[in-house]
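Colleague: The following block contains a protein sequence and its predicted model.
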Number of protein chains: 4
Amino acid sequence: MLAALGAALAVQAADIDMEGLPDTGLDTSAWVTGENPPIDDMIDANDFQFAAKNKLNGRRYAYYRTAALDETTYERNMHDWEKVRMNGFAFQDVSNLNRKTKILGHEFDSPFFIAPAAKAGYTDSSEAERNLVRAAGDSKVLYVPSISASLSIEEIAGAKSDNQIMFHQEYIWENRTQLQDELDRMKSNGFRAVFLTVDNTGVSGVRTRYDRYRTSSESTHAADNSIEALNEIRQMTDLPIVPKGVKTAHDVKLCADLGFPAVYISNHGGRQVDMGVTAIEVLLDLHRDYPEVFGQIEIYADGGVRHASHMLTLISLGVTAVGVGRPFYFANIYGQDGISKLIDIFNTELDSTMRLMGEDNIKSYRGNSTFVSSHQHPRTS
Amino acid sequence: MLAALGAALAVQAADIDMEGLPDTGLDTSAWVTGENPPIDDMIDANDFQFAAKNKLNGRRYAYYRTAALDETTYERNMHDWEKVRMNGFAFQDVSNLNRKTKILGHEFDSPFFIAPAAKAGYTDSSEAERNLVRAAGDSKVLYVPSISASLSIEEIAGAKSDNQIMFHQEYIWENRTQLQDELDRMKSNGFRAVFLTVDNTGVSGVRTRYDRYRTSSESTHAADNSIEALNEIRQMTDLPIVPKGVKTAHDVKLCADLGFPAVYISNHGGRQVDMGVTAIEVLLDLHRDYPEVFGQIEIYADGGVRHASHMLTLISLGVTAVGVGRPFYFANIYGQDGISKLIDIFNTELDSTMRLMGEDNIKSYRGNSTFVSSHQHPRTS
Amino acid sequence: MLAALGAALAVQAADIDMEGLPDTGLDTSAWVTGENPPIDDMIDANDFQFAAKNKLNGRRYAYYRTAALDETTYERNMHDWEKVRMNGFAFQDVSNLNRKTKILGHEFDSPFFIAPAAKAGYTDSSEAERNLVRAAGDSKVLYVPSISASLSIEEIAGAKSDNQIMFHQEYIWENRTQLQDELDRMKSNGFRAVFLTVDNTGVSGVRTRYDRYRTSSESTHAADNSIEALNEIRQMTDLPIVPKGVKTAHDVKLCADLGFPAVYISNHGGRQVDMGVTAIEVLLDLHRDYPEVFGQIEIYADGGVRHASHMLTLISLGVTAVGVGRPFYFANIYGQDGISKLIDIFNTELDSTMRLMGEDNIKSYRGNSTFVSSHQHPRTS
Amino acid sequence: MLAALGAALAVQAADIDMEGLPDTGLDTSAWVTGENPPIDDMIDANDFQFAAKNKLNGRRYAYYRTAALDETTYERNMHDWEKVRMNGFAFQDVSNLNRKTKILGHEFDSPFFIAPAAKAGYTDSSEAERNLVRAAGDSKVLYVPSISASLSIEEIAGAKSDNQIMFHQEYIWENRTQLQDELDRMKSNGFRAVFLTVDNTGVSGVRTRYDRYRTSSESTHAADNSIEALNEIRQMTDLPIVPKGVKTAHDVKLCADLGFPAVYISNHGGRQVDMGVTAIEVLLDLHRDYPEVFGQIEIYADGGVRHASHMLTLISLGVTAVGVGRPFYFANIYGQDGISKLIDIFNTELDSTMRLMGEDNIKSYRGNSTFVSSHQHPRTS
């Protein structure tokens, strides 16, 4: 009897709190805490999150996973998809699949990109961001490293394959000398555009989950992000600048009017303002208040994207390319193989969903709201 | 103390995850994992799901149970009923119960049919689909076997009783020789109509739950389901063809205009497009956008139907006959007895609910929205 | 260590599944399964349900607790209150509390009544319904025994105190001799009105939870409840007849037009039509479609009433008196003391809530929707 | 094996029921029941609630935590924030942070105040409310002690620092001699205003959770709170009087018209009327029905405020200062250090959120609904 009892408890001990994410049948009972689960267990993006939670210590997992305050924005990112319904059509020829996507004039094989996030070295201390560069290059997917990466601008650039196109993320540092230096190095190291984060205004969000582990946090970001300050920064480089972290329709329109080539709608993964809005909400506001912007400017967006269905939703609402952040950084516990596998999963999901929706060309989704309509549709638990 | 402790744990060990389905008091504590529970424990359709989950290994259960990606469409199928309210009337004579239903001109004793689903042999390897044929024949219910059945067209036809009417499901194979051959054999084996699945456009949905068990999946379905392709297929047989897997009001109208005798609204049990719509939503869209179709064409529908109340909802919204899939395939763990019992349960529920609603003739429900009104009505957990 | 372990498990073993009812801090850890918990633990109506669940065997508890099919109607009864918001006013004189209520011309001390329900003998086999009669008489509350009571019409009447007013429930039996006999005996035993159940049209709801315990169920109710049949029944007695089990605004209006003195909106505790409507919904429909009925006829209502706040909601929407069913039958595990305690709890809640709402006279609530407005207000879990 | 087993159970035993509050990663596994957890574990307001729950016995915790009946109002207070979305702006200069707030003409360093609540002596029997006075004084935050405090008016006043401004709460006692005496002592002890509770009309709410511990409750509050009675009270002191416990837009407007300098919207932490409204709902009603009041009168509000995001929501809807009750009384288990830490947490959250919203001056939020729009936004569980 004690053996049976021990067995029952052992299963319980191995359980991972899945944080309310959809149950898709993942069996973690054979996983060993602190080790990488078999990569063959990884079937969708959420699986990589559970694997990283199993592998990493609490502090490291919290570093990636944390969000602001009550994590209301984070939860909205993860669950607002449940309010969307997608409309598919049956009587179509879908034999000419095409998901090639131009971003700022550069063609990639997929309409998603690896969004900037800090410290890939926390999952792979030796190769760090190099895994992401190489996997992205192999699959012709855009990767946009963070200026808070574990590796330097030069080290990341050094891992590029021939002809691989990358952009680079940058913060608005209070220290403009540092800012000028980094912008110059991005240019000289071959990065083709800068995603300039505009939502760290002298401070970061209060990230409770991670704050439980740290003792201090100081900001070196500028608090003055006024249009005047922004215009000065635009003089510092001739690389295209894409404001990242815009969170209202008003600011999207402002970016269009200021002549930026693109704008990146993001709530920073729910890590800045709590009780904030999601990309879907901003896009719906744009359709209502400033529909002309879709013809003026390229729009990127991220937040809670875990499936091709999420990507197609955002693209149908007018987005050109969709960012995916945390899942790739979780996948890096497997190194380059993990990144490549997740890219393949997304591509497979895209190919399947596009065909099943009755439209096989990604270009035909862009801004075509026939394929999606927002609808209050709460999932029952 | 240890004995009490062991007993407490034993109960826990025997528990079945009921996946958020309604708690109706089923006690599984005496069930033995891997065996059929007593058939007397089966009181409603969901009970058969729990019984199959108890009996089958994980792979087999997942084969039937799986849905696409995050299973959002599947969950909507199961729970959208909570948004519907039914209006019943008290001062009526309900002593002349009648649930006889004509489908494509053939009369059956019930307004529901056994929807096509693959591999009944996974629950009963010797009799497989023969159980469904025989039970359907005994109860004068329509059964529509799948072309992916465990048994051949001929074997299934061989189990028919005299005068039993059956239709057959078919896929649009890339290989038209195979398609022609199968259509010919359906005709020569006495099937009276073809449910032609139009939502497997060269690919199946990414069914994560089941993909955890399989290593490869290749599609032999055609990717060109254009109207031209469809018109060619219509020349291949003189059996009535009913497009199955239509998922927008637009496509229902198109089927009516193309002169099909009927159309089958289905999201394929949530196994194709995730974040898709339910039959209720398509029907409400039809009432708003194309109300004339209800006079042009017979409409069938399925998705999450587990009770007479669900059937009457769909029928009141304009459906002629309602498909039930997974529950019958779960019930097949008990063979023909299971199928017959589930048919009886549905008939008993229909008789009771129709009388309590104050209308005892199924014909009077069809398209009569007095009996039902959609209403945002989330169940609290 | 094993002792601590056993203790932890013992607590778990004593836990009662509270079925999603509000957590108000009830501690059941000291309760002994199969015995009455201390009556001092009973602080509100739901407590009595948990106590009965602890005391009764599964079959007996299910007999009272069961509802139809997926229990969607039952759940709506219990939780639709979460969609209502009550408006209270501060600057009032509430020193003259008055909850006296006239029902069919008879004055009672409270605006609620004990609704008919079968078999009080299942909780107290010797005194059965006598406990309810006596407690109701002591508190000057209306009790309406069921014709399916454990005791006969005569036995119940025999427990009455002097001047106690009671009505009696009756079914429409197929056997009209039985019906005539019972109506006559109700009259001769001093009952002042008949609550005539009109929602058992030759059949009862499929009550899955209880059906797990029983082997057969036969109905002796008439299936013809047409207006003609009803008019014949009205000739069988000169007692006032109140149709019970009306579930649409249409039928409330019909009862008013047919000249009944009152009508009783009820979905039979969710035991008949699943996916049905609640009293709140019928009342809101009445305000929209037939507002004149509130001046034509007295309206009673029940369904999920567990608190004074629920009573005041229904009364503000136009109801004269509110029925409470299951809680009193659960309370009968304590006999007359339990019934009296629950009456006192409701009266105390009424006195407190009326004063806090700024209106101390129950008459001023009736039909005054200033005090309540329906509002989609789902409780988060 | 038994060791592992014991360890697993030990964790379970140490778990605290977090009552559906947001999971922000708090690890309680090392906490010792009945003792203060390390104050370094306190990262946000909810943490103090869990700490108090761990420290206090059931009766004491219930005393603070209880609410009325089913606690529907309490739950709405805690969760209605999930329906709000905040709009932040990116291109701003936020380098001049200013959260100074004038309340009745007195300037404080924060836009929140410590709301009145009884018996701080239940968490610290020696210092009781003195901790709150001192911490509030150190941080230049308004504290409004309750007349039901553990300490007397004089003892509380005695703990004040030089120049510290405090108001005092008062009830409308049936005994007007007591009322006059207390008002006089508030004046003579230097309190600058009276928060007069107007929602205890001769009775308190039925607070089920706490009623499980107590045997009697008698009210000494007046039941006549009519305007006439109120006007008499206004003659009893020349201190500014602020009605506290107003719960409809109608009564806010009434207070403005009666010439009060301010009004305090509160449902008393959900402890009075169950199924009541939240401050957000009253404010939205005001914007619709009486928008002029925002120019007539200062408005304070409380209920479920646990974060800077909640404060900014209420302020953007027109509130001048926001009350926080229970969290400070829970924090008092740590004495003055606990109160000071919670004030610092709120200030840090305010500084961060204001900057991230793109507006660094608290004055610019007041009544500026650009920053917030109510939106049905249920959190998925």
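Modeller: Yes, it's here.
Colleague: is chain B contacted by stretch A:351-367?
Modeller: Yes. Among the residues of stretch A:351-367, A:351, A:352, A:353, A:355, A:356, A:357, A:358, A:360 lie within reach of chain B under Cβ under 8 Å from any Cβ of the partner chain. Where C-beta positions appear, they are placed from N, C-alpha and C, glycine not excepted.
Colleague: For these, which single residue is the most surrounded?
Modeller: Counting neighbours by other Cβ atoms under 10 Å in any protein chain shown, residue A:356 leads those with 31 neighbours.
Colleague: Closest one of the residues of stretch A:351-367 next to chain B to residue D:204?
Modeller: Residue D:204 lies nearest to residue A:353 out of those, by Cβ to Cβ, at 57.3 Å.
Colleague: contacting residues for the residue lying closest to the closest one once chain neighbours are set aside?
Modeller: Among residues not flanking residue A:353 along the chain, residue A:308 sits closest, at 4.5 Å (Cβ to Cβ, 6 or more residues apart in numbering or on different chains). The contact partners of residue A:308, taken as Cβ atoms under 8 Å, 6 or more residues apart in numbering or on different chains, are A:346, A:349, A:350, A:352, A:353, A:354, B:69.
Colleague: The last one and residue A:44 touch, don't they?
Modeller: Yes. At 7.0 Å, residue B:69 and residue A:44 qualify as touching, with contact defined as Cβ atoms under 8 Å.
Colleague: shared neighbours, these two?
Modeller: With Cβ under 8 Å, 6+ apart, residue B:69 and residue A:44 have common neighbours A:24, A:307, A:349, B:206, B:208.
Colleague: so which of those would you say is closest to chain C?
Modeller: The closest of those to chain C turns out to be residue A:24 (Cβ to the nearest Cβ; 21.6 Å).
Colleague: now the closest residue to residue A:173 other than its chain neighbours, what's its secondary structure?
Modeller: Leaving aside its chain neighbours, residue A:173 sits nearest to residue A:179 (4.6 Å; criterion: Cβ to Cβ, 6+ apart). What DSSP: H, G, I helix; E, B strand; the rest coil gives for residue A:179 is helix.
Colleague: okay, residue A:179: pLDDT?
Modeller: In this model, residue A:179 is scored at 98, pLDDT.
Colleague: Contact residues of the stretch 151-300 of chain A facing chain D?
Modeller: Residues of the stretch 151-300 of chain A that fall close to chain D, judged by Cβ under 8 Å from any Cβ: A:198-199, A:201-206, A:208-212, A:223-227, A:229-230, A:243, A:245-248, A:250-251, A:254, A:272-277, A:281.
Colleague: Give me the subset of those lying in helices.
Modeller: A:208, A:209, A:210, A:211, A:227, A:229, A:230, A:250, A:251, A:254, A:281 (DSSP state H).
Colleague: So which of the residues you listed wins on neighbours?
Modeller: residue A:208 (26 neighbours).
Colleague: you'd agree that one is up against residue D:41?
Modeller: No. Using Cβ under 8 Å as the test, residue A:208 is too far from residue D:41 to be in contact (11.7 Å).
Colleague: Stretch A:316-333 and chain D, any residue contact?
Modeller: No. Using Cβ under 8 Å from any Cβ, we find that stretch A:316-333 stays clear of chain D, coming within 15.5 Å at best.
Colleague: how about that stretch, does it get close to chain B?
Modeller: No. If you take Cβ under 8 Å from any Cβ as the test, stretch A:316-333 misses chain B, and the best it gets is 11.2 Å.
Colleague: so residue A:51 is in which element?
Modeller: helix A:45-55 (DSSP states H and E).
Colleague: Ok, residue A:43 next?
Modeller: If you go by DSSP H and E, residue A:43 is not part of any helix or strand.
Colleague: That one: what's it in contact with?
Modeller: So residue A:43 contacts A:24, A:26, A:345, B:208, B:211, B:212 (Cβ under 8 Å, 6+ apart).
Colleague: quick check, nearest of the residues of stretch A:351-367 next to chain B to chain D?
Modeller: The closest of the residues of stretch A:351-367 next to chain B, once distances to chain D are taken by Cβ to the nearest Cβ, is residue A:353, at 21.9 Å.
Colleague: thought that closest one was touching residue B:274?
Modeller: Yes. Using Cβ under 8 Å, residue A:353 makes contact with residue B:274 at a distance of 7.5 Å.
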